[in-house]
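S.K.: Fold the following, please.
(one chain, ligands or ions: 1)
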Amino acid sequence: MSYVEDPGPGYGALPPRAAFTSDAPSLSLNGTWRFRLSPSVAAAPPGVEGDEFDDSAWDELPVPSLWQLHGHGRPAYTNVHYPFPVDPPHVPSENPTGDHRLRFDLPADWPAGPAVLRFDGIDSCGRIWLNGVELGVTKGSRLPSEFEVGPLLRPRGNVLAVRVHQWSAGSYLEDQDMWWLSGIFRSVTLLARPAGGIGDHWIRADYDHESGLGTVRVETGPDVVLDIPELGVSGHPAGEPLALPVEPWSAETPRLYAGTLSTAAERVPVRIGFRTVTIEDGQLEVNGRRLLLRGVNRHEHDPRTGRVVSPETALADVLLMKRHHVNAVRTSHYPPDPAFLELCDEYGLWVIDECDLETHGFGPLGWDRNPSGEPMWAEACLDRMRRTVERDKNRPSVILWSLGNESHTGENLARMAAWVRHRDPTRPVHYEGDHDCSYVDVHSRMYATPSEVERIGQRDDANARRRELPFLLCEYGHAMGNGPGGLLEYRELFERYPNCQGGFVWEWIDHGLVTADHFAYGGDFGEPIHDGNFVIDGLVFPDRTPSPGLAEYAKIIEPVRVGPDPAGIRVSNHYDFRSTAHLAFTWVLEDEGTAVARGVLDVPVVHSGQSVVVPRPDLPVTRGESWLTVSAVLADATAWAPAGHVAGWGQLLVSPAPPRPSRPARGPVFRTAGRLILGDGEFDPATGAMTTFGGHAVRGPRLDVWRATTDNDRGASAGRPDASLWREAGLHRMQHRVIGVDADGDELVVRTRVAPPAQAFGFFADYTWTAFDDGLRLRVAVTPDGPVPETIPRLGLTMAVPGTFGSAEWFGGGPGEAYPDSRQAARIGRFSSSVDGLQTPYVYPQENGNRIDVRWARLTDPDGRGIRIDGDPRFAFTARRWTAAELEAARHTSDLVAGPWVHVTLDTAQHGLGSASCGPGVLPPYRLVPQKTEFSLLFSTSR
Ligand code: GAL
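M.R.: Residues are numbered from 1 along each chain as shown. Prediction:
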């Protein structure tokens, strides 16, 4: 059997060891290589390993890279299904094969002697030669491999040849939900290995929270000494335990001690974090404290380079996470570039480091011949686990090892777990697929509903082992498109049940790929089988712009909470370790959204898990509805955010809106030249529809219950998708029958029945218009008639105003969009935005941009002329340059083309978002069940 189809791990590589750098010479071989793609192994040119082989006609390709993103072949996306026949360990004969060649010289001072050639990642299988000599074959795409090359090196004209196959037996173990991409996608480095140097090391650094002592002992070769100048440690024999008072490492206070390991021949800089992970009484603890994991699942993704993620991009992720209060990362579903984990150590993130293993595509086949249980894969599985643990064992941020993802269960997984436990008893083992928890140390589930989590919290479980373990959601809150909704309910459970220790939102980033005018997803590259936009399910857009989902998650997991209390202002500390000593508290009083006073709030230091109540500051008298916003902010800059960065905020209502003075109506309705005129409005006498307002052409407003369906509306984890029920009911194509237009009195009363074709149900919608000095009031009475659907997307009005009304200002919830079950991040204030800026550019267009709790909104042209709408008391609105139907029809953002109107929705209610694209649907309190409803709006001209 060819090495490509051999289910084993490859051959020729050195035993795995820790990732580290040293003062021994090293040479990056990243850069421009020669490249040639062949359609199959058979078609690949012979002799590429030879010095004399002529590659001058080949293309150039950067290394690291994934060749499909450089014009060779095309990316392909599938979630569960293998894009090739499931015939393990065989792969297609049409197996794109990329030959890579690099000619390099050694620096003049390169030492003679041993040297190692290190590949940090080759997808999926690479055969490697140096100067004509085969070094070996590597599989395990997201794992390093090293080869001894010392004797082969020459000062000048070294020829490195790497033949990479898109498909290999290893592909069966790499069925993660992501793009299929191939190449040498992580760094290639040549490392001199001095005799008497430090081949490998394992810094075992524990912390005893009772004594405050840290213990460090380094497993390494003989004659290695440890220096930690900050701790006064100098020349300490590395292998001998050393106990000394230290500050512990945690994700909140990532205290690292810089030191060195050295021998006469080599010095290795190290950064030591002291911490101890334990499971006590069914709780996962670090340094004696229960953790609450406020995590995300992070794939490695860059919209231009795919899984080639630069150190700058890794840092951008870490900074964004820290700034949004994320405290944990699951490296779904493979070890990341090692640089990322160093950043987690440095900035402070708890990490579940996951092995590069997923065999999900066997699931649809009933898990028949699943590699997790087949002896022929045993060695490859173990090899992947070994390479994960050995590479990352020195990272204090790594607190759990994960065997992989969605590979069902089997003996090979059990053996991986046993190996980990033996090799590293200091970190518990995670794997979601072991449902009985027979070989893992934590109980993990994905997408469990709040009620399931509640049962787990109550330890209502027949399985005794599972009942005793800490529980976490390795995936929840599927962040696809607009959503997720319903995150708050999980937080409440994590806080109520000590064994429910948080979870990891799926997922961090949309894996969209850059094209000329939009981000691409599955199917955009002509893949015969694909899973569409299911790869677009992150909290940040492909370019790492935070989505509203991230703002919401940040608000829910903020470490400090501020809110009203009968005695003043309550401040609660939700850090797991820290006090609030590093924070300052500021307040601002806003009168109808305009700041009128500010100050600093005196808050005593609050310890982790505690709250205090402080009196409200003295506030000036305000005229309108006023709110006090209190923010906990960083008193000083940290490594990841400037001073003033908000760690938590809350709002207190200081005075409600004064009642609107009652005023006389200003009828009657006039009839002139085929128009009805009431106040600033003109109406069509036949339909009763408003045609102009304040001299501006308008359309509507009229009843509308439709929204451009979201990914979550279209998802169905239980029962049928909401969107299908709505569409079958015809809610997207309602017809408006005018029953009567009564313009004879002071009011204009328009009675209608709004109903879809082919259905017996409908809604009576009565519009009553009344003119007042300050505007035109519309009262809408909606009465369901007949067997209406169980839920509807929204209930409100749609109208169109001139396209020149391109600016919006409102007093209400903002600044971003919000929905009934995703509204924690919205605060009450006065906001403004262009209409274009109100749009959330979901990669797959869908309903977005809804502003909630709006007291009033203005839409104006560049001269400030336009329309103002007041709620009675509140409404929600969107404004966009396309209709809901156009939004629904679009497949990419570039399909959305501005029309002549601004289309506005004015809603009294919306259905929640849920996360049914993969998980629970909209929870009962957030479902919009149609019922008899009345609401009013006041329309006035804005100047
Ligand atoms: C999970 C899986 C993830 C991803 C997610 C849906 O089942 O572990 O990799 O596919 O579903 O987006």
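
S.K.: make it CA atoms for all contacts and neighbour counts henceforth
M.R.: Fine.

S.K.: Residue of the protein closest to the ligand, please.
M.R.: Asp177 (4.7 Å; Cα to the nearest ligand atom).

S.K.: if I pick Gly199, what's in contact with it?
M.R.: Going by Cα atoms under 8 Å, 6 or more residues apart in numbering, Gly199 touches 17, 193, 220-221.

S.K.: residues contacting the residue of the chain closest to the ligand?
M.R.: 77-80, 535.

S.K.: quick one: least confident helix or strand in this protein?
M.R.: For the chain, counting by mean pLDDT, DSSP states H and E, strand 670-672 ranks last in confidence among helices and strands (a mean of 92).

S.K.: contacts for that one?
M.R.: Applying Cα under 8 Å, 6+ apart, the set of residues contacting strand 670-672 from outside is 676-678.

S.K.: Looking at those residues, spot the one nearest Arg142.
M.R.: Proximity of those to Arg142 (Cα to Cα) peaks at Leu678, which lies at 69.5 Å.

S.K.: Okay, and which of the contacts of Asp177 map to strands?
M.R.: Residues of these located in strands (DSSP state E): 77-78.

S.K.: So which of the contacts of Asp177 reach the ligand?
M.R.: By Cα under 6 Å from any ligand atom, the members of the contacts of Asp177 lying near the ligand are Asn79.

S.K.: Select from the contacts of Asp177 the one having the most neighbours.
M.R.: Tyr77 (28 neighbours; other Cα atoms under 10 Å).

S.K.: wait, isn't it in contact with Tyr521?
M.R.: Yes - between Tyr77 and Tyr521 there is a contact under Cα atoms under 8 Å: 7.4 Å.

S.K.: Overlap in contacts, the two.
M.R.: 532, 535.

S.K.: List the strands paired with the least confident helix or strand of the chain, with their directions.
M.R.: Strand pairing for strand 670-672, determined by DSSP bridges: strand 675-678 (antiparallel).

S.K.: could I have the helix or strand encompassing Phe935 exported to PDB, CA atoms only?
M.R.: Using DSSP states H and E, Phe935 sits in strand 933-942. Only the C-alpha atoms of strand 933-942 are listed here, as PDB (Å, rounded to 0.1, in the frame of the first residue of the first chain):
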ATOM      1  CA  THR A 933     -52.800  43.700  19.600                       C
ATOM      2  CA  GLU A 934     -53.100  47.400  19.500                       C
ATOM      3  CA  PHE A 935     -50.400  49.900  19.100                       C
ATOM      4  CA  SER A 936     -49.900  53.600  18.200                       C
ATOM      5  CA  LEU A 937     -47.300  55.700  16.600                       C
ATOM      6  CA  LEU A 938     -47.100  59.400  16.100                       C
ATOM      7  CA  PHE A 939     -45.800  60.700  12.800                       C
ATOM      8  CA  SER A 940     -44.500  64.300  12.600                       C
ATOM      9  CA  THR A 941     -42.300  66.200  10.200                       C
ATOM     10  CA  SER A 942     -38.700  66.700  11.200                       C
END
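
S.K.: Sort out which residues of that strand are buried, please.
M.R.: Residues 935-942 are the ones in strand 933-942 that count as buried (16 or more other Cα atoms under 10 Å).

S.K.: where's the dip in pLDDT among those residues?
M.R.: Checking pLDDT across the buried residues of strand 933-942, the minimum falls on Ser942 at 80.

S.K.: now it: how far from Phe541?
M.R.: 36 Å (Cα to Cα, to the nearest Å).

S.K.: do the same with Leu678
M.R.: In this view, Leu678 and Phe541 are 47 Å apart by Cα to Cα.

S.K.: So between those two, which is more surrounded?
M.R.: Using other Cα under 10 Å, the more surrounded residue of Leu678 and Phe541 is Leu678, with 25 against 22.
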